[in-house]
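Engineer: coords please:
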Amino acid sequence: MRWPILMTLVMIVGVAGMAVWLAWPHQAADVVLYCSVDRDQSERLVDVFRQDTALSVDFQGDAEADKSLGLAQRLSREKDSPRADVFWANEIMNTVWLAEADVLAPLPADVLALFPERWRDPSGRWVAFGLRARVLLVNTQLLPDKADWPTRVSDLLDPKYAQRGLLTAVAAPLTGTTYTHAVALLTQDESGTKSFLEAVMAGVRAGRVKLTPGNGAAMSLAKDATNKVAFCLTDTDDAWAAKLEGFPVEVVYPDQGAGEVGTFVIPNTLALVKGRAHPENAERLLRWLASPSHEARLAAGPSAQMPVREGVAIPADGHVKRPGVDFRVAETDWLAVGRNRDRWLDLLTRLFRPAN
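Structural biologist: Now for the predicted structure:
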């Protein structure tokens, strides 16, 4: 058989097979969840919902390369013909942005009432829970004296570490919680934050600061003393992972001194998608994810997320803190942060993309 004839037959069989597959009846999911929380942490919890309810869940996760941004952009593109029913986000800025773009629907009043006023949308379109804090992860092998430990985010630039041949590390603020943190800081103090970010890049160029693509990579540098990274800025879930692995590290909740701003925290958020295809099952999933027992699972799990509700159980060993009790939380205008989501994107890209 000649090669062109063979290829033609293959193409015909392939097209016919695809037509049969498309015509074959497929079981649609009972509810569609878009979730930007790390899949290894979130889908195992969604499996509990599947077992509890016997409902099938189409779980759509976020790619690591565009963490926290990819699904938000997808929801925005699908606004006129939504595919998702529920959005569980690993941060809040994009959720606010989607609410302002009229992508999200009002939540039931009794679900909103489950959360403190500080952790729910004034217009009732989202709730926030399961906090992670932006913390300093200190390598105690490199810094055995607690008096040498950093206490503020700005200590990333303290020259005393470079003078001893030590480095600091931070993720580039282009995706994920680092981007949310940068936008929040710029929203609060544009001039001061620009100066700080420019100084970070100057430290990178001078070889004093290591710039990484994500918080996990920053943690990996700080946990191993051979990297000479005295400490990094990362999230509590990454910090706890390093401690669980037995590395010589400790966590500092920064900016707790008199007159300092407090530690920045980033919550998970939950929302219903406007025009969703499965309204009843979406509400069942929403209520399950919004329950105190779900927040307790997040606290007890590998992400060690901090509950926003007083009565939610936390592990007895103390590694999960009570925000506002164990440390002071930075005041943040989340509506302003969400509305400013893209305002400084060009600035941040110009500053930090060349180093990646």
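Engineer: got the residue ranges for the helices in the chain?
Structural biologist: 3-23, 39-53, 70-77, 93-100, 109-112, 159-163, 176-188, 190-205, 215-223, 236-244, 279-289, 292-300, 334-339, 345-352 (DSSP state H).
Engineer: in stretch 46-58, what counts as buried?
Structural biologist: Within stretch 46-58, the residues scored as buried using 16 or more other Cβ atoms under 10 Å are 46, 49, 55, 57. Every C-beta, even on glycine, is put in place using the N, C-alpha and C of the backbone.
Engineer: looking at those, spot the one nearest residue 353.
Structural biologist: For the buried residues of stretch 46-58, the minimum distance to residue 353 (Cβ to Cβ) is 34.2 Å, reached by residue 46.
Engineer: look up how far residue 257 lies from the closest residue to residue 300 other than its chain neighbours.
Structural biologist: Nearest residue to residue 300, sequence neighbours excluded (Cβ to Cβ, 6 or more residues apart in numbering): residue 315, at 5.8 Å. Residue 315 sits 28 Å away from residue 257, going by Cβ to Cβ, to the nearest Å.
Engineer: how about low-confidence regions in the chain?
Structural biologist: The chain contains residues with pLDDT under 70 at 1-27, 63-69, 354-356.
Engineer: quick one, longest strand in it?
Structural biologist: Criterion DSSP state E: the longest strand present in the chain is strand 127-139.
Engineer: which one of the helices of the chain lies closest to residue 149?
Structural biologist: Closest among the helices of the chain, using Cβ to Cβ: helix 159-163, at 10.7 Å.
Engineer: contact partners of that closest one?
Structural biologist: By Cβ atoms under 8 Å, 6 or more residues apart in numbering, the surrounding residues in contact with helix 159-163 are 148, 167, 168, 208, 230.
Engineer: just list the residues touching residue 129, thanks.
Structural biologist: Neighbouring residues of residue 129 by Cβ under 8 Å, 6+ apart: 115, 119, 267, 268, 269, 270, 290, 295, 298, 307, 308, 309.
Engineer: and stretch 296-309, end to end?
Structural biologist: End-to-end span of stretch 296-309 (Cα to Cα, to the nearest Å): 10 Å.
Engineer: gap between it and the chain center?
Structural biologist: How far stretch 296-309 lies from its chain's middle: 14 Å, per Cα atoms, centre = their mean, to the nearest Å.
Engineer: what residues sit buried inside it?
Structural biologist: For stretch 296-309, burial by neighbour count (16+ other Cβ under 10 Å) applies to 296, 297, 298, 299, 301, 303, 304, 305, 306, 307, 308.
Engineer: could the buried residues of stretch 46-58 be laid out in TSV, adding distance to residue 196?
Structural biologist: Converted to TSV, the buried residues of stretch 46-58 look like this (distance: Cβ to Cβ, whole Å):
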residue	distance to residue 196
46	38
49	42
55	47
57	42
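Engineer: residue 290 is in contact with residue 270, correct?
Structural biologist: Yes. Between residue 270 and residue 290 there is a contact under Cβ atoms under 8 Å: 5.7 Å.
Engineer: which of those two has more neighbours?
Structural biologist: Between residue 270 and residue 290, counted using other Cβ atoms under 10 Å, residue 270 has the larger neighbour count: 24 against 20.
Engineer: that one and residue 250, how far apart?
Structural biologist: Distance, residue 270 to residue 250, by Cβ to Cβ: 32 Å.
Engineer: same deal with residue 235?
Structural biologist: 15 Å.
Engineer: more neighbours: which of those two?
Structural biologist: residue 235 (29 against 17).
Engineer: hey, what's the nearest residue to that one once chain neighbours are set aside bridged with?
Structural biologist: Counting by Cβ to Cβ, 6+ apart, residue 132 is the residue found nearest to residue 235 once chain neighbours are left out, at 4.6 Å. Per DSSP bridges, the residues bridged to residue 132 are residue 266.
Engineer: show me what contacts residue 132?
Structural biologist: 177, 235, 236, 237, 265, 266, 267, 303, 305, 306.
Engineer: the second one and residue 136 touch, don't they?
Structural biologist: No. The criterion here is Cβ under 8 Å, and residue 235 misses it with residue 136 at 11.2 Å.
Engineer: which neighbours do residue 270 and residue 290 have in common?
Structural biologist: Residues touching both residue 270 and residue 290 (Cβ under 8 Å, 6+ apart): 127, 129.
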